[in-house]
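Asker: Model the structure of this input:
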Amino acid sequence: MKKLNLLTLAVTFASGLALTGMAVADHHGGDRNKEGSSYSADKSYGDKSKGTIAEIAASNGSFETLVAALGAADLVDVLAGEGPFTVFAPTDEAFAKLPEGTVESLLQPENRDQLIAVLTYHVVPGKVMSADINGDTQADTVQGSALNIRANSYGVRINDARVVTADIEADNGVIHVIDSVLIPGQ
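Answerer: From the prediction side, this is the model:
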């Protein structure tokens with residue numbers, strides 16, 4: 001696996017993910033996670049350039065846990081800032097997959113540093129659109145660790161999480177919806 005700088009990643013990310021996403025959606029009748037929940041283009045995650053990443057997440061009922069975690073970590077203003085950012089946003093269903101008590105523990109004030117590490121592990125500096133990736137690569141996160149990104153005919157994975165909806169554009173970057181929470185070091 002090769003490690004790319006952000007500019008190379010941006011160029012590479014564009015070509016494969018859009019084609020892969022269209023092929024997967026066409027082949028499978030839309031983006032679906034293992035449990036069968038559908039994240040289709042009809043679901044309103046946000047319109048192109050209709051608010052910041054924080055505003056889009058807060059206005060959509062699928063990211064309530066993420067929004068609560070951002071608030072507990074005092075990161076809402078960061079994701080409402082200028083950016084650009086690429087956010088791999090886990091849904092409430094993704095947070096529900098964590099072992100029982102994990103979310104509650106992370107939201108405790110004494111675990112704020114750990115919560116910040118988890119949340120910033122979901123953020124890549126710059127705006128990386130689906131068409132900017134193909135093959136296997138890595139991207140450095142705001143947290144400091146790298147994410148493994150794999151794009152193939154079966155879809156796109158960020159570490160072990162699957163991208164279920166890509167390219168939700170915001171005024172300050174882009175959101176890619178994922179089906180699992182990314183944990184640094186796992």
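
Asker: ok, Glu110 - how many residues close by?
Answerer: 7 (other Cβ atoms under 10 Å). In this view, the C-beta of every residue, glycine as well, is placed from N, C-alpha and C.

Asker: no no, Gln138
Answerer: 15.

Asker: Now do the helices for the chain: every range, in order, please.
Answerer: 6-28, 53-59, 64-72, 76-79, 92-96, 102-106, 112-120 (DSSP state H).

Asker: rank those by pLDDT, which is bottom?
Answerer: Of all the helices of the chain, helix 6-28 carries the lowest average pLDDT, namely a mean of 31.

Asker: so who does Ala72 touch?
Answerer: For Ala72, the contact set (Cβ atoms under 8 Å, 6 or more residues apart in numbering) comprises Leu106, Leu107, Pro109, Arg112, Leu115.

Asker: in terms of contact, does the last one touch Gly71 like I think?
Answerer: To tie it back to what came earlier, the one meant is Leu115. No - applying Cβ atoms under 8 Å, one finds Leu115 not in contact with Gly71, separated by 10.4 Å.

Asker: between those two, which one's more packed in?
Answerer: Leu115 (21 against 13).

Asker: do you know how far that one is from Asp136?
Answerer: Look at Leu115 and Asp136: by Cβ to Cβ, to the nearest Å, they are 29 Å apart.

Asker: likewise Gly155?
Answerer: Gly155 is 13 Å from Asp136, where distance means Cβ to Cβ.

Asker: Have a look at the two and say which one is more surrounded.
Answerer: More crowded of Gly155 and Asp136, by other Cβ under 10 Å: Gly155, with 20 against 13.

Asker: beta partners of the more buried one?
Answerer: For Gly155, the beta-bridge partners under DSSP bridges are Asn152.

Asker: which non-adjacent residue is nearest Val156?
Answerer: Leaving aside its chain neighbours, Val156 sits nearest to Val163 (4.3 Å; criterion: Cβ to Cβ, 6 or more residues apart in numbering).

Asker: If I follow the layout properly, the one you found ends up in contact with His176?
Answerer: Yes - if you go by Cβ under 8 Å, Val163 and His176 touch, sitting 5.1 Å apart.

Asker: Could you pull up the residues touching Gly185?
Answerer: By Cβ under 8 Å, 6+ apart, the contact list for Gly185 reads Ser145.
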